[in-house]
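S.K.: Any chance you can model this:
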Amino acid sequence: MRGVSRTSLDEVTRRLDGILPSANTATLGHELFEVVALLGQEHSLRRWLADQSGSSESKSALVGNLLESKVSPATILVVSDIVQAKWSSPRDLVDALERAAVFAAVAGQDTAQRLEGVEDELFRFGRIVAAQPELRAALTSDGVPVEHRRALVENLLSGKTSTATSALVTEAVTRPRGRTLEQGLDHFSQLVAERAKHYVAVVRTAVPLSDAQQDKLQAVLTRMYGRAIHLNTEIAPEIVGGLSIRVGDEVIDGTVAGRIAEVRRRLAG
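M.R.: Prediction:
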């Protein structure tokens, strides 16, 4: 987000931080995701709530009328606060609600180490799905009812991951918002990293890195980006040698396969 949306996002996040300590955060996260789904379906409502010419009082009143008796007071408070802020586009408003939902879902993971645990679980689940096409199809096919997909996630993760991870995976599977499952898991992982105040680097390497190599790479990336870096490492023999590193939308490709592909592109040109 940029401009007025960026300013609004910072403001509503500060106010959310004041609500979370006294809220049932699991319920708050679930209900905020429900509101995100509602606005995803109701295009005219989404546009009206994001219209900067509308009064904040009327938007807050409408939210109260729509949600009263359906959600907790904390959810009404958070949603009202977000719709009263100024947004550059309806998409930014919904993204801010989704971000608040993720922050609420992981609020019980109250240390950086536990937040990193959620990131690791999301990353590992994504790798498992990528390696099993039949499982991926069962989780993403439009022909599979949503409740069946929800039950499959519960069976796969119950007792094996944190409740926060289960909630985020379920959301990515059942309400993808136009993302692939992999994109949804990565998006939530990046938001969890933001909450932990660090970046996630997805490192692809042909052979496992030693602890010393990982520590050195982490230190280098931390200096480059000016923020703590959490490494998620994926073994990919097809890259032959070197490393491919992705931090957000930025990719640093130092692989042998990448250099060969670049030579081929130049020869073809």
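
S.K.: alpha carbons only for contacts and neighbour counts from here, please
M.R.: OK.

S.K.: tally of neighbours for the nearest residue to residue 72 once chain neighbours are set aside?
M.R.: Distances taken as C-alpha to C-alpha, 6 or more residues apart in numbering put residue 28 closest to residue 72, at 7.4 Å, once the chain neighbours are dropped. Residue 28 has 25 neighbours, counted by other C-alpha atoms under 10 Å.

S.K.: Name the helix or strand for residue 28, please.
M.R.: Counting by DSSP states H and E, the secondary-structure element that holds residue 28 is helix 25-41.

S.K.: got the phi/psi numbers for residue 252?
M.R.: phi -110, psi 110 (degrees, to the nearest 10).

S.K.: what's it in contact with, if anything?
M.R.: 244-246 (C-alpha atoms under 8 Å, 6 or more residues apart in numbering).

S.K.: can you map out the helices along the stretch 151-269 of the chain?
M.R.: For the stretch 151-269 of the chain, applying DSSP state H, counting those that start in this stretch gives helices covering 163-174, 181-195, 211-225, 256-268.

S.K.: Can you list the buried residues in the longest helix along the chain?
M.R.: For the chain, the helix with the greatest residue count under DSSP state H is helix 112-131. Across helix 112-131, burial judged by 16 or more other C-alpha atoms under 10 Å covers 115-123, 125-126, 129.

S.K.: got a list of what the residue nearest the centre of the chain touches?
M.R.: For the chain, the residue sitting closest to the mean C-alpha position, by C-alpha atoms, centre = their mean, is residue 188 at 1.5 Å. For residue 188, the contacting residues are 102, 168, by C-alpha under 8 Å, 6+ apart.

S.K.: burial of residue 21, as a residue count?
M.R.: Neighbours of residue 21 (other C-alpha under 10 Å): 12.

S.K.: Then residue 248?
M.R.: Using other C-alpha under 10 Å, residue 248 has 13 neighbouring residues.

S.K.: Quickly note the distance from it to residue 51.
M.R.: Counting by C-alpha to C-alpha, to the nearest Å, the gap from residue 248 to residue 51 is 30 Å.

S.K.: on that earlier part again, same list (the helices of the stretch 151-269 of the chain) but as TSV, adding mean pLDDT and distance to residue 234.
M.R.: Shown next, in TSV, are the helices of the stretch 151-269 of the chain (pLDDT from 0 to 100; distance: least, C-alpha to C-alpha, whole Å):
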stretch	mean pLDDT	distance to residue 234
helix 163-174	96	20
helix 181-195	92	14
helix 211-225	88	12
helix 256-268	71	16
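
S.K.: Output those helices in a markdown table; the columns should cover distance to residue 149.
M.R.: Formatted as a markdown table, the helices of the stretch 151-269 of the chain follow (distance: least, C-alpha to C-alpha, whole Å):
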| stretch | distance to residue 149 |
| --- | --- |
| helix 163-174 | 7 |
| helix 181-195 | 12 |
| helix 211-225 | 36 |
| helix 256-268 | 37 |
